[in-house]
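>>> any chance you could fold what I've pasted below:
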Amino acid sequence: MKIQRRLLSSAALAACAALLPLACAHAETWPARPIRIIVPFAAGGGVDILTRVLAQHLGEALGQSVVVDDRAGAGGNLGVDAAAKSAPDGYTLVMATTGTHTINPELYRSLPFDPEKSFSPISLVASVPNLLVVNPSVPAKSVQELVALAKSRPGALSYASFGNGTSNHLSGEMFKAMAGLNVTHVPYKSATQAVSDLVAGQTAFAFVNTPLALPFVRAGKLRALAVSGARRSAATPEYPTMNAALPGFAVESWYGLMAPAGTPQPVVARLTKEVHAVLAKPEVQAFFAKQGADVETSTPAEFAARVKQERAVWARVIKAAGVQID
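Numbering: from 1, shown residues only. This is a model prediction of the structure:
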């Protein structure tokens, strides 16, 4: 038995040794044709806009066209599944998000892909905190004042979300649980509807992603109280964090580049290096900040650890909220 195991081990090592030159050879010639980045959301949204800027600069660095392929549907699951089933050759990538890789796996009863095993992380790209915003008629100018108001009027205040199970909804549920509030959740079918009704005063407050909220805040149609991330945002440094009022509250959406599992390590390493170089450019950082996003990079290992850690956090929030999608 020991001899057989040794023979099997030797055979496995020999196979790995034989494959290594192939991977290295592929890396030496890569990229030999255009690269595709799948965005699992609609064109014109925040993920799409930032990905297109990254793709342009990445293409210049790699000497090949990098095209963006928008594949929206099922909360991002359709596009992510298409990426997971693509050849692991470095020519198909996906812009993963908090929703697709940490919330959806806990929210949906089953997915056609594994958010961790089906992908090779490359690097985080950006973090986008939500803004806690209220209708200007709400007499609260801080998180503490909003909490006090809600407690003085149990059940009277409502908060909007972009639909059940979205990060906006779950941020509201976390706020509700941590502050001990009795407030009503009003889910909408779209971000546009939710924000329009909030501006009209049909709901009292909401957690809205920064790029969408800022124009309304700057126009005086909404009042921002805090950012949802653990630290102040470089894009909106004037607003305090939720964590300052509710220690432990930290929610922010991130975007990050991934490849199908099995993509040659030298290709992943090259992509990580080039993505970091692109995101270090002042003009790219300025563009991201204008969109309400903070540049954030990582190693592949750090990215993988982030996904695992946040999945555990969202699993607890989703279970407490009693939300599940078939």
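>>> mind listing the helices for this structure?
In the chain, the helices defined using DSSP state H lie at 2-29, 46-62, 77-84, 98, 104-107, 143-152, 167-179, 191-200, 210-218, 242-245, 265-279, 282-290, 300-321.
>>> same for the last one, what does it pack against?
What that stands for is helix 300-321. helix 104-107, strand 119-134, helix 167-179, strand 252-260 (3 or more Cβ pairs under 8 Å, 6 or more residues apart in numbering; DSSP states H and E). C-beta coordinates here come from the backbone N, C-alpha and C atoms, glycine included.
>>> show me what counts as buried in the first one.
Read that as helix 104-107. 104-107 (16 or more other Cβ atoms under 10 Å).
>>> try stretch 29-44
For stretch 29-44, by 16+ other Cβ under 10 Å, it's 30-31, 35-41.
>>> closest one of those to residue 313?
Ranked by distance to residue 313 (Cβ to Cβ), the buried residues of stretch 29-44 are led by residue 40 at 21.3 Å.
>>> OK, contacts around that closest one?
When contacts are counted by Cβ atoms under 8 Å, 6 or more residues apart in numbering, residue 40 is found next to 47, 71-73, 76-80, 83, 94-95, 97, 100.
>>> do that again at 7 Å, thanks
Contacts for residue 40 (Cβ atoms under 7 Å, 6 or more residues apart in numbering) come out as 71-72, 76, 78-80, 94, 100.
>>> for residue 37, which non-adjacent residue is closest in space?
Using Cβ to Cβ, 6 or more residues apart in numbering and skipping residues adjacent in sequence, the residue nearest residue 37 is residue 93, 4.8 Å away.
>>> close enough to count as contact, the one you found and residue 257?
Yes: using Cβ atoms under 7 Å, residue 93 is in contact with residue 257, at 5.6 Å.
>>> quick check: the gap between residue 203 and residue 216.
Between residue 203 and residue 216 the distance is 13 Å, computed by Cβ to Cβ, to the nearest Å.
>>> against residue 38, how distant is the closest residue in space to residue 87 that isn't next to it in sequence?
Setting aside the residues directly before and after it, residue 87 is nearest to residue 260 in space (Cβ to Cβ, 6+ apart), at 7.1 Å. Using Cβ to Cβ, residue 260 is found at 10 Å from residue 38.
>>> need the overlap of contacts for these two.
Residues touching both residue 260 and residue 38 by Cβ under 7 Å, 6+ apart: 83, 92.
>>> quick revisit: would you single out the least confident of the helices of the chain?
Per-stretch mean pLDDT for those is lowest at helix 2-29 (a mean of 50).
>>> check contacts around the residue nearest to residue 188 when sequence neighbours are not counted.
Nearest non-adjacent residue to residue 188, counting by Cβ to Cβ, 6+ apart: residue 194, 3.9 Å away. Counting by Cβ under 7 Å, 6+ apart, residue 194 touches 160-162, 188, 206.
>>> now these as TSV including pLDDT, distance to residue 171 and neighbour count?
Shown next, in TSV, are these (pLDDT from 0 to 100; distance: Cβ to Cβ, whole Å; neighbours: other Cβ atoms under 10 Å):
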residue	pLDDT	distance to residue 171	neighbour count
160	97	11	27
161	91	8	24
162	86	11	23
188	89	15	22
206	98	9	29
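>>> of those residues, which is the nearest to residue 63?
residue 162 (39.1 Å).
>>> separation between that closest one and residue 237?
Residue 162 is 26 Å from residue 237, by Cβ to Cβ.
>>> same question for residue 274.
Distance from residue 274 to residue 237, by Cβ to Cβ: 29 Å.
>>> kindly report the same for residue 48.
Shown here: residue 48 relative to residue 237, a distance of 26 Å by Cβ to Cβ.
>>> so for the two, which sits in the more crowded spot?
residue 48 (17 against 9; other Cβ atoms under 10 Å).
>>> got the contact list for that one?
39, 41, 68, 70.
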